[in-house]
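Chemist: 3D, please:
(chains A and B)
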Amino acid sequence: MSQIFQRSANTLSKVSLFGVLALVGGLVLLAMVLGRSSYVTRANEYIEQPVQFSHLHHVLDDGIDCRYCHTSVETSAFAGIPPTKTCMNCHSQLFTNAPILEPVRASFRDDTPLHWVRVHDLPDFVYFNHSIHVKKGMGCETCHGRVDQMPLMSQQRSLQMEWCLDCHRNPEKYVRPRNAITTMGYVPAEPQAVLGPKLVKEYGIRGNTSCSTCHR
Amino acid sequence: MRRNSLVVRLLAVAALSASVAACRQDMHDTPRYEPLEATTFFANGAASRQLVANTVARGQLNEDRHLFEGVVDGKPADTFPMPVTAAVMARGQERFDVFCSPCHGRTGVGNGMIVQRGFRQPPSFHDARLRNAPVGYYFDVITHGFGAMQDYSTQVPVADRWAIAAYIRALQASRAATVDDVPADRRADLARPAGERREQEAR
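Modeler: Prediction:
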């Protein structure tokens, strides 16, 4: 009677041992990559809005400061979506007949709010407050990206917990002077490795990482 | 057979965990309203409520006419309702640059970017009429608007309006100022770019 297994079966069995490990490892890796991908985080996704509002035009072309519209960013948890009245400050005279602005004019005329769709939507079990971040020298750009280069708004970062923690653990990597909060394309005046720790000390940044800081 | 079912199970687990990763679970969106969120509960569709007509919220009676209306004895106030400190001036400069400079320009001559885009040009703050206007006038215009300018009462809080008025006064004074008006120890700053100076003052 001949052997059931040929000599090559020895190699095959050894290879398959590693093969199973590689398969399991690969699946875990796949899950990790998928979990961080923009497919899951919905980063870089454009969202249909009632008006094709361009931050690029208003910030880069016109040089309007973020706080002109997002007035409550320094004083409250919510940065604030401007009322239609803020649009009309300028658009009562500019682009008054542009079809693209008809929803804005209709909103102002009929006193009905525009239904903007939230782009940066944190889960409800996360407490986030804009004002404390701005006070401690976190620039808009750090989380929202180069808004001045976005014809349409999209989320730039993953908004996942590991992303929050990266900064809470190493605030000196991201902190900037308070007067440069709304600066887009900010370049530190001295190397961040020097300026960062200095500002962390000066602003009293604790980079709190206890669970209840955000999950309260 | 045994091995087959194991592989199938592993694949099933992998597929399930991948699909779960893309799920928004209930706790992501709990039954409470975010600020300004839409609702079907109220007729106007807004979850955030406006103040009931003819009522005053606690702490918002605003009886001080000087502070809240810029009026003293029925006339535009010529004085500030608060001490004008260096901090107030710095705040005024920052707020002016945010809210006023789009039209009035950073120096107040009325050549801001919005004007360059076609908005009606405002008068220069350095015209004789505006140089002689009392500070209460500036407060009133920020609060109620003037001509093509809409009111800024919802965008700029009362204290900031006064700070901006103070800074406009400084802008006006700067036009007639000479080097002798600058304190001797600060004259070296004049040679440095404004941005650099501002950055240091902000510290």
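Chemist: where does chain B dip in pLDDT?
Modeler: B:1-4, B:14-25, B:194-203 (pLDDT under 70).
Chemist: can you show me the strands along it?
Modeler: B:71-72, B:75-76 (DSSP state E).
Chemist: and the first one, which strands flank it?
Modeler: Put plainly, it is strand B:71-72. strand B:75-76 (antiparallel) (DSSP bridges).
Chemist: which residues are contacting the strand it pairs with?
Modeler: Contact with strand B:75-76 is made by B:70, B:133-137, B:139-140, as judged by C-beta atoms under 8 Å, 6 or more residues apart in numbering or on different chains. In short, each C-beta sits where N, CA and C put it, glycine included.
Chemist: among those, who's most crowded?
Modeler: Within these, most neighbours by other C-beta atoms under 10 Å in any protein chain shown means residue B:70, with 27 neighbours.
Chemist: thought that residue was touching residue B:135?
Modeler: Yes - the criterion here is C-beta atoms under 8 Å, and residue B:70 meets it with residue B:135 at 7.3 Å.
Chemist: any buried residues in stretch A:105-112, and which?
Modeler: A:105, A:107-108 (16 or more other C-beta atoms under 10 Å in any protein chain shown).
Chemist: take those residues and keep only those in helices.
Modeler: A:105, A:107-108 (DSSP state H).
Chemist: hmm, stretch A:107-127 in reach of chain B?
Modeler: Yes - residues of stretch A:107-127 contacting chain B under C-beta under 8 Å from any C-beta of the partner chain: A:112-113, A:115, A:118, A:123-125.
Chemist: just to check, residue B:98 is in contact with residue A:69?
Modeler: No - counting by C-beta under 8 Å, residue B:98 does not reach residue A:69; the two are 10.1 Å apart.
Chemist: wait, which of the ones in helices among the buried residues of stretch A:105-112 is closest to chain B?
Modeler: residue A:108 (11.0 Å; C-beta to the nearest C-beta).
Chemist: check contacts around the nearest residue to residue A:73 once chain neighbours are set aside.
Modeler: Leaving aside its chain neighbours, residue A:73 sits nearest to residue A:79 (4.0 Å; criterion: C-beta to C-beta, 6 or more residues apart in numbering or on different chains). Neighbour list for residue A:79: A:70, A:72-73, A:130 [criterion: C-beta under 8 Å, 6+ apart].
Chemist: JSON lines please, covering these and showing secondary structure and pLDDT.
Modeler: JSON lines is the format used below for those (DSSP: H, G, I helix; E, B strand; the rest coil; pLDDT from 0 to 100):
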{"residue": "A:70", "secondary structure": "coil", "pLDDT": "96"}
{"residue": "A:72", "secondary structure": "helix", "pLDDT": "95"}
{"residue": "A:73", "secondary structure": "helix", "pLDDT": "96"}
{"residue": "A:130", "secondary structure": "helix", "pLDDT": "96"}
